[in-house]
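Student: dropping a prediction and its sequence here:
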Amino acid sequence: MQKEMDNYNDFIIGDFIDSYRNLTLKTFTGYKYVNEYCLHNKNMFVLIHDDDTLINEINFNSHIPMMQKEWDLTRIRASDNT
């Protein structure tokens, strides 16, 4: 793990035991990281999943353009309400 951290700096470490009962804390830690370090990138999707979840990358990537359209429409509607 240390080599992975040294090479890619892609670990987010929380101060709690990694257990099912702390899944909310783990998820919140991920959201907090995104809020603090990633919000400058407006064209970003964040996918948070656990180690027992598989993502079909081809299917996921094919949904990104559709999700981007929906996101753009949501932002347009939100700006209309202000």
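Tutor: Okay, I see it. Numbering: from 1, shown residues only.

Student: count the neighbours of residue 30 for me.
Tutor: Residue 30 has 16 neighbouring residues, counting by other CB atoms under 10 Å. All C-beta atoms are positioned from the backbone trio N, CA, C, and that covers glycine.

Student: list the contacts of it.
Tutor: Residues near residue 30 by CB atoms under 8 Å, 6 or more residues apart in numbering: 12, 46, 48.

Student: show me what contacts the second one?
Tutor: Counting by CB under 8 Å, 6+ apart, residue 46 makes contact with 30, 34, 38.

Student: now do 10 Å
Tutor: If a contact means CB atoms under 10 Å, 6 or more residues apart in numbering, then residue 46 has 30-31, 33-34, 38 as its contacts.

Student: which phi and psi does it have?
Tutor: The phi/psi pair for residue 46 (degrees, to the nearest 10) reads phi -120, psi 130.

Student: go on, the first one?
Tutor: Torsion angles at residue 12 (phi, psi; degrees, to the nearest 10) stand at phi -110, psi 120.

Student: nearest residue to it other than its sequence neighbours?
Tutor: residue 33 (5.0 Å; CB to CB, 6 or more residues apart in numbering).

Student: report how many residues lie close to residue 55.
Tutor: For residue 55, the neighbour count with other CB under 10 Å is 10.

Student: quick one: pLDDT of it?
Tutor: Listed pLDDT for residue 55 reads 89.

Student: that one contacts residue 45, correct?
Tutor: No: assessed by CB atoms under 10 Å, residue 55 is found out of contact with residue 45, at 12.0 Å.

Student: can you map out the helices along this protein?
Tutor: 2-8, 23-37, 57-80 (DSSP state H).

Student: any chance of the ones you listed in TSV, plus distance to residue 17?
Tutor: As requested, the helices of the chain are exported to TSV (distance: least, CB to CB, whole Å):
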stretch	distance to residue 17
helix 2-8	19
helix 23-37	9
helix 57-80	30
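
Student: cool, thanks, signing off.
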